[in-house]
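Enquirer: build me a model from this:
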Amino acid sequence: MIGWWCVVGALTVVWWPVPKTRYRLASLVGSDRRGSSKGAMAGLTVVTIALAAMLEVAVVLCVAILLTLAIWLRHRSVRRRRDEREREALATALSAIAAELSIGTPPPAAFASAGQEVEAQCTIVGHRLRTAAACAALGGSVRDSVGRQRSSTDHEWRRIALAWEIAHEFGVPIKDLLEAVRSDLNARCAFAARTAAGLAGPRATATVLSLLPVLGIGLGQALGAQPIGILCGGGIGGVLLVVGVALDAVGVWWSLRIADHVVALGSSE
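Expert: Purely as a prediction, here's the structure:
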């Protein structure tokens, strides 16, 4: 009984919601992914130890593999939502900057105003815009100011800094240059969305294939073959259970990595 309470407590630690204050602070000073990973791995370790006292080693290893996959899937989902929100906020900010420049607002003031406008939508975009505006107003390098943080929109930030330098050195209207950056960003986002939609079928196929072993075990159990008893009873059955779960988890991970790579490759060209 104590072991099961340890499992429940460990799962609570792994999936405990993070306060929004932490996300706001992380967006300003840079996210500390190591702390999040350490907490998840600590919870996973507690779960493994608790299960080891109650179940076969093969079952414990399978639970550890599945929990690791679940943690990775959760981090992947959070990262994708954050990247999408950042791209949308940057596109909104570029539109706001172009509108400010069209009425004669100086570029530093336009950047600062756009940064305040998108602050609620994405803190990191607002912070980088206000930092660039302050740096430009003091005569500093915009390229250095926007390059201090790493994010999924680094390519666009480098182009914004380059547009600023070209406008400053050669007198080219910065509004036209930033409009080109915004159009390119919108095109990349649209292409990434179309590619992700086109990959919905392969993703669904990968999900179905990953669940087929579970269906096969269920059918075998219904027919009286007792596959669960064999797989969870140790010996060669336990080895087959660990190998099967590991291969299934690797298949899910690999298929999603391929899909993410295709989307990233297409949107970066």
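
Enquirer: now the farthest one out in this protein, which residue is it?
Expert: Here the chain reaches farthest from its C-alpha mean at residue 224, the gap being 43.3 Å by C-alpha atoms, centre = their mean.

Enquirer: relative to residue 260, how far out is the residue most central in space within the chain?
Expert: For the chain, the residue nearest the mean C-alpha position is residue 79 (1.4 Å; C-alpha atoms, centre = their mean). Relative to residue 260, residue 79 is positioned 10 Å away (C-beta to C-beta, to the nearest Å). C-beta coordinates here come from the backbone N, C-alpha and C atoms, glycine included.

Enquirer: what does stretch 231-248 contact?
Expert: 55-59, 61-62, 65-66, 210, 213, 217, 230 (C-beta atoms under 8 Å, 6 or more residues apart in numbering).

Enquirer: give me the buried positions along it.
Expert: 231, 237, 238, 241, 242, 245, 248 (16 or more other C-beta atoms under 10 Å).

Enquirer: turn those residues into TSV, including pLDDT and secondary structure.
Expert: Listed next are the buried residues of stretch 231-248 as TSV, based on pLDDT from 0 to 100; DSSP: H, G, I helix; E, B strand; the rest coil:
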residue	pLDDT	secondary structure
231	86	helix
237	87	helix
238	86	helix
241	90	helix
242	91	helix
245	94	helix
248	94	helix
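
Enquirer: ok, back up a step: out of the contacts of stretch 231-248, which one sits closest to residue 264?
Expert: residue 210 (22.3 Å; C-beta to C-beta).

Enquirer: could you tell me which residues make contact with that closest one?
Expert: Neighbours of residue 210 in contact, by C-beta under 8 Å, 6+ apart: 248, 251, 252.

Enquirer: again with residue 212
Expert: No contacts exist for residue 212 under C-beta under 8 Å, 6+ apart.

Enquirer: and whichever strand or helix holds it, how far out from the chain middle?
Expert: Per DSSP states H and E: residue 212 is located in helix 200-222. Taking C-alpha atoms, centre = their mean, to the nearest Å, one finds the center of helix 200-222 at 26 Å from the center of the full chain.

Enquirer: try stretch 186-197
Expert: 17 Å.

Enquirer: how about that stretch: buried residues?
Expert: 188, 189, 192, 195, 196.

Enquirer: what pLDDT, on average, does that stretch get?
Expert: The average pLDDT for stretch 186-197 rounds to 87.

Enquirer: can I get it as CSV, trimmed to CA atoms?
Expert: Presented in CSV, the C-alpha positions along stretch 186-197 are these (Å, rounded to 0.1, in the frame of the first residue of the first chain):
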residue,chain,number,x,y,z
ASN,A,186,3.9,35.0,-42.6
ALA,A,187,4.7,32.8,-45.6
ARG,A,188,6.9,30.6,-43.5
CYS,A,189,4.2,30.2,-40.9
ALA,A,190,1.6,29.4,-43.5
PHE,A,191,3.8,26.9,-45.1
ALA,A,192,4.5,25.2,-41.8
ALA,A,193,0.8,25.1,-41.0
ARG,A,194,0.1,23.5,-44.4
THR,A,195,2.9,21.0,-43.9
ALA,A,196,1.7,20.1,-40.4
ALA,A,197,-1.8,19.6,-41.7
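
Enquirer: gap between residue 212 and residue 67?
Expert: 21 Å.

Enquirer: can you check residue 183 too?
Expert: Distance from residue 183 to residue 67, by C-beta to C-beta: 44 Å.

Enquirer: over to residue 213?
Expert: 18 Å.

Enquirer: neighbour count: those two, which is higher?
Expert: residue 67 (19 against 13; other C-beta atoms under 10 Å).

Enquirer: which helix or strand contains residue 59?
Expert: helix 57-102.

Enquirer: name the helices or strands packed onto that helix?
Expert: Counting contacts by 3 or more C-beta pairs under 8 Å, 6 or more residues apart in numbering; DSSP states H and E, helix 57-102 packs against helix 33-52, helix 107-117, helix 123-137, helix 174-198, helix 227-232, helix 236-268.

Enquirer: just put those in JSON lines and tack on distance to residue 153.
Expert: Putting these into JSON lines (distance: least, C-beta to C-beta, whole Å) gives the following:
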{"stretch": "helix 33-52", "distance to residue 153": "18"}
{"stretch": "helix 107-117", "distance to residue 153": "14"}
{"stretch": "helix 123-137", "distance to residue 153": "8"}
{"stretch": "helix 174-198", "distance to residue 153": "8"}
{"stretch": "helix 227-232", "distance to residue 153": "46"}
{"stretch": "helix 236-268", "distance to residue 153": "11"}
